[in-house]
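Sequence first, predicted model second:
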Amino acid sequence: MLNVKIIFLSVLVDITQIEELTLPVDDGSNIKNMLEQLSSKFGKKFEDLIFKASENLSKYVIVTINGKDIRTLEGLNTKIQIDDEISFIPAIAGG
């Protein structure tokens, strides 16, 4: 088991009721596995905000691992390493 630090910002704090947590994940886990764990823990409202469809991330939430957007890495298949820090950052738009 690996422990990863998860940080929630803005509207995600409203949904999760916490700003951060340490989540144990299995060795060899990837972002998708971790998101499935978090969806089970925080429910449909969390899942609906994170996923556009069952397999695609919403464009309204940026997921970073150690400060790097997972879209610039391997997306949902990005492997999680020990002591990684994963952040959920709601995208901000305006005009």
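Sure, I can see it.

Tell me where the chain has strands.
With DSSP state E, the ranges of strands along the chain come out as 2-8, 20-25, 51-53, 56-57, 61-65, 68-69, 85-90.

between those, which one is nearest to residue 41?
With C-beta to C-beta as the criterion, residue 41 lies closest to strand 20-25 of those, at 8.5 Å. Where you see a C-beta, it was placed from the backbone N, CA and C, and this is true even at glycine.

what are the pairing partners of that closest one, and which direction each?
Using DSSP bridges, the strands paired with strand 20-25 are strand 2-8 (antiparallel).

counting contacts, what elements does the top helix by length along the chain pack onto?
Assignment by DSSP state H gives helix 31-42 as the longest helix of the chain. In terms of contacts (3 or more C-beta pairs under 8 Å, 6 or more residues apart in numbering; DSSP states H and E), helix 31-42 is packed against strand 2-8, strand 20-25, helix 44-50, strand 61-65.

low pLDDT regions in this protein?
For the chain, the stretches with pLDDT under 70 are 53-55, 93-95.

what do you get if the cut-off is 90, keeping everything else the same?
1, 11, 48-60, 82-83, 90-95 (pLDDT under 90).

that older thread, would you turn the strands of the chain into CSV with distance to residue 34?
CSV is the format used below for the strands of the chain (distance: least, C-beta to C-beta, whole Å):
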stretch, distance to residue 34
strand 2-8, 7
strand 20-25, 6
strand 51-53, 13
strand 56-57, 12
strand 61-65, 9
strand 68-69, 15
strand 85-90, 7
